[in-house]
Every structure is written in C-alpha cells, then in structure tokens.
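Undergrad: Have a look; sequence and predicted model below, questions after that.
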Amino acid sequence: MTKITIDLIEEFSKDHYTVMEKLNSIADAADNQDEARIRTLAKELDELLGPHFYFEEMDLYPATKRFVGEERVEEYIEDHEPVAPTLENLKELEEISPEKAEEIKDKLTSFYKHVNDCEGTTVLVDALLEEEKNELASKFEKYRKDIGSLTSWKKES
Ligand SMILES: [Fe+2]
C-alpha cells in the first residue's frame, strides 16, 4: 500500500483559501484595469485547479453521494463547467474597459459561491471511513503530480 503523506482535508481546504485569495486579486486587478495581472492570476488558477477539479469530479464528489444524493453531486460538477472557458478567456485578456471589469467581477460571483459550497464538502469527507479517506488522499496526491492545468485536461476530455 502507498504511504500517505498528505493530510487530505488540510490540503484540500488550503486550495480553497488560495483560490479565494486569487479571486480577490483578480477582482482588484479588474478594478485597477490591470490586464497583465489578470492573465498571470488566471494562469496560476488554471494550474492549481487542474488536479483539484479532477480529484473532485472523479473521486471526492462521488464519495459524498451517500450523504447528499446524486443530484447534489451533479450540481457540484455542473458548477465547474463555466470555470475552464472563463480562465481560457482571462488568460488571453488583452484590453480591459470599465465595463469589461464589471463583467469579470460578475462572473467571479458564481466562483465564490462554488468555493463556499466546495469547502462545505470537507465536513462530509471527514465523515467517511478512515480507509476511504486514505484512498482519497493517495489519489489527490497522485493527481497533483500527474494532472496538468484545468484548461488542458478539460480540452482532452
Ligand atoms: Fe474544491
């Protein structure tokens, strides 16, 4: 059996705080009409969210099904859908007008909402059996090494 070196909930939750910081920074950069900063932040989010979303969609959300039901799991996954196309656009953002800045910030609202929902799943994960948690932890650790950016694996799937 693979040795588990990560604390699943801690690692997973840490990602959400990092995502929140980056979303806040994107909102600030939009207010300052700093498109170069937005492009950089979007690239960083794309890298971070690649393994994170993969893990959630393939393993973590399905593991919460027995608590929240199939429909809720589908909602979690559907909430991910606009993220890759939005990051794709932000990574190539060339010129930002005040209107565009507002549009970007509007879009971030649904992202904030999802981070909030997603962090709530840690309570459910904690309620899983120890062996299930260990299995999830080893998968998360593996995906961190093997899975590339969100926009790249979404394009392939
Ligand atoms: Fe998440």
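TA: Here it is on my side, so go on.
Undergrad: Now the residue nearest in space to the middle of the chain: which helix or strand?
TA: Nearest residue to the geometric centre of the chain (Cα atoms, centre = their mean): L49, 4.3 Å. Using DSSP states H and E, L49 sits within helix 35-55.
Undergrad: got a list of contacts for that helix?
TA: 12, 15, 18-19, 22, 25-26, 29-30, 80, 83, 87, 90-96, 104, 136, 139-140, 143-144, 146-153 (Cβ atoms under 8 Å, 6 or more residues apart in numbering). For the C-beta atoms, the positions are set from N, CA and C on the backbone; glycine is no exception.
Undergrad: low pLDDT regions in this structure?
TA: Judged by pLDDT under 70, the chain has its weakly predicted residues at 1-5.
Undergrad: 50 instead?
TA: 1-2 (pLDDT under 50).
Undergrad: Which elements pack onto the biggest helix by length in it?
TA: What stands out as the longest helix in the chain, according to DSSP state H, is helix 98-126. Helix 98-126 sits against helix 8-31, helix 70-80, helix 83-91, helix 130-146, with contacts defined as 3 or more Cβ pairs under 8 Å, 6 or more residues apart in numbering; DSSP states H and E.
Undergrad: buried stuff in that helix?
TA: By 16 or more other Cβ atoms under 10 Å, the buried positions in helix 98-126 come out as A101, I104, K107, F111, H114, V115, C118, E119, T121, T122, L124, V125.
Undergrad: Let me know whether the second one touches S97 as I believe.
TA: Spelled out, that is I104. No - using Cβ atoms under 8 Å, I104 makes no contact with S97, being 10.5 Å away.
Undergrad: now the helix holding L49: how far from the chain's centre is it?
TA: 9 Å (Cα atoms, centre = their mean, to the nearest Å).
Undergrad: immediately after it, which helix or strand?
TA: helix 61-63.
Undergrad: Which positions in that following helix come out as buried?
TA: Y61, A63.
Undergrad: Tell me which residues are up against it.
TA: Helix 61-63 has contacts (Cβ under 8 Å, 6+ apart) with V73, Y76, I77, T121, V125, L128, E132, L136.
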